[in-house]
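Q: next comes the sequence, and after it the predicted model I'd like to discuss.
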Amino acid sequence: MPGGVLRHPVESPLRRATPRRRVGRNIRTMTDRIIPIADARTASIRPPDANRVETPTGRMLDSRNRPLRDLRISVTDRCNFRCTYCMPKEVFDKDYNFLPHSELLTFEEITRLARIFIAHGVEKIRLTGGEPLLRKNVERLIEMLSALRTPEGSTLDLTLTTNGSILGRKARLLVDAGLKRVTVSLDGLDDAVFRRMNDVDFPVSDVLAGIDAAAAAGMRSIKVNMVVQRGVNDDQILKMARRFKGSGHILRFIEFMDVGSSNGWRLDDVVELPLRPLDANYEGEVAERWAYCDGDGEIGVIASVTQAFCHDCTRARLSTDGKVYLCLFAQHGYDLRALLRADASDGQISTAVADIWRARADRYSELRGRATEGLKKIEMSYIGG
C-alpha cells in the first residue's frame, strides 16, 4: 500500500468492519469466562541437572531454529490497576494471594540471570509486571542492568512497560538510572472509558502527564500500547491516532489475546489516515509498522491471534519468582531460582538455560483452536506481556 488510506494488505481484523457499539455493560462481558488460576504459578519444572558445563557461543537456537534475543523480566506480580482483560477484580480481589517478598528474585539475582542470558545472545531486556514501577527502588535494578554489556561490548536495549500511573513521579529517576525507552499502556483518551477499563477510577490525565514527564526527562523513545476490545474502546482508535500523530511517540494497536473469546481487534475498513508500510526494525519484531505519508510519525499493529508470529519469536520470559517461560501462553515454567539458591555456578545455570532453550518448540498461536482449548495458562500479570 504505497500511500492512500489505511487498508490492511492481508486478511486481518482491520478488514472486518462491524457495527460500532458504545461502552456500557459490555465492559464486563469477558469476565463471564474468567477462571481463577492462581495455582498455575506452582506449575513449574526443575531445569535439567547440569552435570556438565558448556561455554556460551552468543547464539543459541531452539528446536525450530529461533534464536534467543529478547528477555522479558517481571519484577512484581502486583498492579494498582484492575484492567478487565488482565487483572479483573473478580479474580484479583483483596483475598488474592500475591507472592511474598521472600519469593521474589532480588535485584542481584535478576542481574546475574540477565548476564547469563546475554551470554547466550539476548540483546534486549524489557522490565514488566504487574506494574514494574511498584517494585521498590526499581531504578536501582535499571542502573544495574544498564551496566551490562553483550559479548561484543555493546549496550543492551533496555526498556520498561508501565501503566503510566507512577511514571510522572519516576521519570527523572528512571532516565538518570539509564533507561532510554519506555512503553505506556493506554487504552483510550475518553476519561470515562479509561476509568472503566482500569476499574480503579484512575484518570487518563495522570497517564498523559506521565508520558509528558518521560519525554521532558529525556526518554529517547516512548511507545503507547492500546489493547482494543470490540464494543468496549474501539471508538477510541481514531482519537488515539490523532492524539499521538506528530508527537514523536509510536502508537501501537494490540489485538486482544484471550483464548476462547472474540478477538475484539478491528478498525473500520477505511480510515482517513494516509499510511505507508514500513520494514521491521529487527528479526522477530511483533508489530507491523505503518508510517504517516507526511512523515509525521508511525503506528504499529500487533495481531498475534489472527496473524501469529510464532515462527520468528525470539523471546523468553522470567517471572518475578525466577521461573523462565518460553511462551506468553505457557502452562509451566522452569525454576531457575532453585538453582540460584542452591548455589549453582554461573556455568551450571548457563548450561541449564541452553538446554531449556534448545528444547523449545512452543508455537501456541499457530495451534490456537481445539488443540489449545481448556489449557490452564499462566496469567499475563505474573510473567509480563
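A: Received it, and whenever you're ready, just let me know what you need.
Q: put the alpha carbons of the helix or strand harbouring F194 into PDB.
A: Element membership of F194, judged by DSSP states H and E, is helix 191-198. This file holds the C-alpha atoms of helix 191-198, laid out as PDB (Å, rounded to 0.1, in the frame of the first residue of the first chain):
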ATOM      1  CA  ASP A 191     -11.800   9.600  30.700                       C
ATOM      2  CA  ALA A 192     -15.000   7.600  31.300                       C
ATOM      3  CA  VAL A 193     -13.800   4.800  29.100                       C
ATOM      4  CA  PHE A 194     -10.300   4.700  30.600                       C
ATOM      5  CA  ARG A 195     -11.700   4.700  34.200                       C
ATOM      6  CA  ARG A 196     -14.000   1.800  33.400                       C
ATOM      7  CA  MET A 197     -11.200  -0.200  31.800                       C
ATOM      8  CA  ASN A 198      -8.700   0.200  34.600                       C
END
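Q: what lies in contact with that helix?
A: Residues outside helix 191-198 that contact it (CB atoms under 8 Å, 6 or more residues apart in numbering): 23, 27, 81-84, 163, 186-188, 201-205, 207, 232-233, 235-236. (C-beta placed from N, C-alpha, C; glycine too.)
Q: and stretch 342-354, by the same measure?
A: With CB under 8 Å, 6+ apart, stretch 342-354 has contacts from 47-48, 50, 52-54, 56, 60, 112-113, 115-117, 119-120, 324, 334, 336, 339-340.
Q: and stretch 102-117, by the same measure?
A: With CB under 8 Å, 6+ apart as the test, stretch 102-117 has contacts from 56, 68, 71, 73, 75-76, 122, 125, 137, 140-141, 144-145, 148, 316, 318, 320-322, 336-337, 340, 346, 349-350, 353.
Q: if we go to 7 Å?
A: 71, 73, 125, 140-141, 144-145, 148, 318, 320-322, 336-337, 340, 346, 349-350, 353 (CB atoms under 7 Å, 6 or more residues apart in numbering).
Q: out of the residues you listed, which are buried?
A: 71, 73, 125, 141, 144-145, 148, 318, 320-322, 336-337, 340, 349-350, 353 (16 or more other CB atoms under 10 Å).
Q: roughly how far is the helix holding F194 from the heart of the chain?
A: Put simply, helix 191-198 sits 21 Å off its chain's centre (CA atoms, centre = their mean, to the nearest Å).
Q: between the next helix or strand after that helix and helix 191-198, how big is the angle?
A: Downstream of helix 191-198, the next assigned helix or strand under DSSP H and E is helix 204-216. Going by axes from the mean of the first three to the mean of the last three CA atoms, to 10 degrees, helix 204-216 is angled at 90 degrees with respect to helix 191-198.
Q: now do the helix or strand just after helix 204-216 against helix 191-198, angle only.
A: Toward the C-terminus, helix 204-216 is succeeded by strand 221-228 as the next helix or strand (DSSP H and E). Here strand 221-228 runs at an angle of 80 degrees relative to helix 191-198 (the same axes, to 10 degrees).
Q: using PDB, write out the CA atom coordinates for strand 221-228.
A: Extracted in PDB, the C-alpha atoms of strand 221-228 (Å, rounded to 0.1, in the frame of the first residue of the first chain):
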ATOM      1  CA  SER A 221      11.700   6.500  22.700                       C
ATOM      2  CA  ILE A 222       8.200   6.300  24.000                       C
ATOM      3  CA  LYS A 223       5.600   3.800  22.700                       C
ATOM      4  CA  VAL A 224       2.000   3.800  23.600                       C
ATOM      5  CA  ASN A 225       0.100   0.400  23.600                       C
ATOM      6  CA  MET A 226      -3.600   0.300  23.200                       C
ATOM      7  CA  VAL A 227      -5.400  -3.000  23.700                       C
ATOM      8  CA  VAL A 228      -8.600  -2.800  21.600                       C
END
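Q: quick check: buried residues in the very next helix or strand once past that strand?
A: Counting by DSSP H and E, the next helix or strand C-terminal to strand 221-228 is helix 237-244. Residues of helix 237-244 classed as buried: 237, 240-241, 243-244 (neighbour count, 16+ other CB under 10 Å).
Q: nothing else from me, thank you.
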